[in-house]
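>>> Sequence first, then the predicted structure, then my questions.
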Amino acid sequence: MDRIAITGGAQLNGIIPVSGAKNSAIKLMAASLLTDQPLRLTNMPRLADTRFLGKLLARLGAQVDEREGPDGSETVLHAPEITSGFAPYDLVRQMRASFNVLGPLIARTGQAKVSLPGGCTIGARPVDLHLQALEALGAKIDLHEGYVYAQAPRGLKGAEIEFPFVSVGATEHAMLAAVLADGVTLIKNAACEPELLDLQICLNAMGAKVEGAGTPTITITGVAKLHGATHSVIPDRIEMGTYAVAAAMAGGEVQLTRARPELIDSLLVKLEEAGCGVVRTEDGVVIRRNGHRLEAVNVETQPYPGFATDLQAQFMALMTTAKGESHIRETIFENRFMHAPELRRLGADISVSGGEARVRGVERLEGAEVMATDLRASVSLVIAGLVARGETTVSRIYHLDRGFERLEEKLGACGAQVRRIKGDGEGDLDG
Ligand SMILES: CC(=O)N[C@H]1[C@@H](OP(=O)(O)OP(=O)(O)OC[C@H]2O[C@@H](n3ccc(=O)[nH]c3=O)[C@H](O)[C@@H]2O)O[C@H](CO)[C@@H](O)[C@@H]1O
Ligand SMILES: C=C(OP(=O)(O)O)C(=O)O
């Protein structure tokens with residue numbers, strides 16, 4: 001397994017282009033199963049997760065063509081026929097987002113057998129809301145031996161779906177299924193994350209009739225058939241936020257480009273509160289810190305537009321060397337503080353009680369060997385390593401490779417001393 005070694009102490013100065021969003025790309029890829037015509041996705045990130053989902057889609061009957069287009073990486077997905085409606089345990093276990101093929105398979109073919117994804121390190125992550133939404137649309141769902149058996153031989157029917165709490169994945173899943181249902185579907189208490197609007201734009205370009213994504217109420221008027229389309233994947237707000245935090249941690253001046261700063265306002269406001277220079281530009285943001293120590297600030301994770309849980313670990317790393325005490329509350333996932341003990345190995349002063357971590361800023365971190373436990377935890381350790389004295393090595397970075405494209409190259413171009421140490425093979429992607 002590969003590791004990443006970071007020699008701390010270098011400031012970051014330069015430009016980092018932000019990639020397309022993993023969390024959008026994987027749902028858009030699943031949408032390709034809804035039509036027998038090609039879906040061309042541009043601004044595609046090249047990640048372990050997208051590669052892996054490509055393999056699953058190919059197994060279900062899609063041709064997956066990754067290529068370089070005029071505007072960077074693109075993927076053309078074409079499923080003229082669904083040759084199998086079976087997503088086996090091994091493929092879903094390794095990447096939760098594989099479960100997203102269930103809705104499109106039922107919508108297009110009236111049946112599917114997809115493995116339950118199971119939990120992962122950040123929480124139990126049940127899929128009850130996904131299944132309730134599909135049942136509301138008329139799918140008959142049975143669970144046997146870890147598999148979801150779904151049937152809708154006469155097609156799905158539009159329905160009213162009211163989620164008891166906000167779920168990004170369940171909202172997306174309901175949208176992916178309802179676009180081909182007969183009649184109108186109303187989704188209430190929908191997640192408002194920007195990736196939902198990206199999915200709506202793509203589905204509508206394919207001939208769907210979806211309105212309201214990005215607000216708590218989404219209305220979908222089902223159509224009989226979708227067609228091919230070209231869609232540019234929304235910039236990755238979590239990658240943008242991660243590099244913003246890395247620049248704030250290491251000091252210097254970094255310009256993030258090809259991005260949408262308004263999508264991470266909740267983070268940028270906190271960086272400003274901590275004393276970091278933040279200048280919003282047309283296609284990104286400039287993050288500047290010269291010399292002075294940041295102040296501790298508190299954050300609480302919330303659904304969009306609140307502070308993203310996917311930036312919590314990175315922000316905790318930043319607070320480890322801030323002046324004062326920071327309280328970080330995690331409200332989305334019940335076990336998303338796995339990075340805390342690893343950050344402590346670098347000398348951070350963190351105590352965790354229930355859903356809250358208290359971080360007392362220290363003057364300096366010390367390099368150490370640490371282990372990544374999940375995707376965002378792994379990058380939080382890299383961020384801490386940027387300022388830790390000496391060398392930090394992060395193992396199990398297959399987690400990192402799920403969601404960060406060419407991280408060493410992007411940070412290295414700004415002066416960071418980050419290198420990959422090649423190991424033997426890949427671990428599970430599960431996260
Ligand atoms: C691939 C992808 O886009 N992943 C993102 C997505 O995950 P994901 O879509 O899995 O996250 P959800 O919004 O669904 O999860 C929110 C909470 O609801 C719970 N829940 C969810 C579904 C369900 O059927 N039952 C249930 O109890 C979850 O365990 C969690 O505690 O949104 C999360 C919250 O912004 C992000 O951290 C993830 O990066
Ligand atoms: C938790 C994440 O992804 P997933 O939902 O795919 O595990 C993430 O992107 O931080």
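Alright, I've got the coordinates. Every value quoted in this text rests on a predicted model; they were computed, and no experiment measured them. Ligands and ions are numbered 1, 2, ... in the order given.
>>> What's the separation between Val245 and ligand 2?
Val245 sits 14 Å away from ligand 2 when distances are taken as CB to the nearest ligand atom, to the nearest Å. All C-beta atoms are positioned from the backbone trio N, CA, C, and that covers glycine.
>>> no, scratch that, I was asking about Gly284
Counting by CB to the nearest ligand atom, the gap from Gly284 to ligand 2 is 20 Å.
>>> Would you confirm that that residue contacts Glu262?
No: the pair Gly284 / Glu262 is not scored as a contact, 10.8 Å apart, by CB atoms under 8 Å.
>>> Looking at these two, which has the bigger crowd around it?
Gly284 (24 against 12; other CB atoms under 10 Å).
>>> Just give the closest residue to Thr35, not the sequence neighbours.
Leu226 (4.2 Å; CB to CB, 6 or more residues apart in numbering).
>>> for the helix or strand harbouring Val279, which positions count as buried?
Here Val279, judged by DSSP states H and E, is contained in strand 277-281. Applying a neighbour-count criterion of 16 or more other CB atoms under 10 Å, one finds Val278 buried in strand 277-281.
>>> And for stretch 288-302?
Within stretch 288-302, judged by 16+ other CB under 10 Å, the buried ones are 288-289, 294, 296-299, 301.
>>> which one of these sits closest to Asn23?
Closest approach between the buried residues of stretch 288-302 and Asn23, by CB to CB: Thr301, at 15.2 Å.
>>> Sketch out the low-pLDDT regions of the protein for me.
Flagging of the chain using pLDDT under 70 yields the residue ranges 425-431.
>>> and it, which residues reach ligand 2?
23, 96-97, 310, 375-376, 403, 431 (CB under 6 Å from any ligand atom).
>>> Please list which of these are also close to ligand 1.
Applying CB under 6 Å from any ligand atom to these, one finds that 23, 97, 310 fall near ligand 1.
>>> give the contact list for the first one.
When you say that, I think you mean Asn23. 168, 193, 195, 236, 238, 310 (CB atoms under 8 Å, 6 or more residues apart in numbering).
>>> What distance do you get for Ser351 to Met316?
12 Å (CB to CB, to the nearest Å).
>>> what's the overlap in contacts for these two?
Common contacts of Ser351 and Met316, defined by CB under 8 Å, 6+ apart, comprise Ala357.
>>> neighbour count winner among these two?
Met316 (28 against 11).
>>> okay but the more buried one is in contact with Arg358, surely?
No: using CB under 8 Å, Met316 makes no contact with Arg358, being 10.5 Å away.
>>> Now do the shared contacts for these two.
326, 328, 350.
>>> which ones among the residues you listed are found in strands?
Those of these mapping onto strands are 326, 328, 350, per DSSP state E.
>>> just the buried residues of stretch 288-302 now: which is nearest Ala30?
Nearest to Ala30 among the buried residues of stretch 288-302 is Thr301, at 25.5 Å by CB to CB.
>>> hey, what's that closest one bridged with?
Phe307 (DSSP bridges).
>>> hang on, it packs against Gln312?
Yes: counting by CB under 8 Å, Thr301 does reach Gln312; the two are 5.2 Å apart.
>>> overlap in contacts of the two?
Contacts common to Thr301 and Gln312, judged by CB under 8 Å, 6+ apart, are Glu330.
>>> and Pro341, which of the three is it?
helix (DSSP: H, G, I helix; E, B strand; the rest coil).
>>> count of residues packed around it?
Other residues close to Pro341 by other CB under 10 Å number 14.
>>> how far away is it from ligand 1?
For Pro341, the distance to ligand 1 - CB to the nearest ligand atom - is 20 Å.
>>> need the strands for the stretch 251-400 of the chain, in chain order.
With DSSP state E, counting those that start in this stretch as the criterion, the stretch 251-400 of the chain has strands at 252-257, 277-281, 284-289, 299-300, 325-329, 349-353, 356-360, 369-371, 391-395.
>>> And those: which comes nearest Asn204?
So among the strands of the stretch 251-400 of the chain, strand 284-289 is nearest, using CB to CB, at 26.5 Å.
>>> ok, Val418 touching Lys410?
No: using CB under 8 Å as the test, Val418 is too far from Lys410 to be in contact (9.3 Å).
>>> ok, how many other residues are close to whichever residue of the stretch 51-200 of the chain sits closest to ligand 1?
For the stretch 51-200 of the chain and ligand 1, the shortest gap (CB to the nearest ligand atom) falls at Gly169, measuring 2.6 Å. If you count neighbours by other CB under 10 Å, Gly169 ends up with 19.
>>> And the one 4 residues further on, by the same measure?
Look at His173: counted by other CB under 10 Å, it has 25 neighbours.
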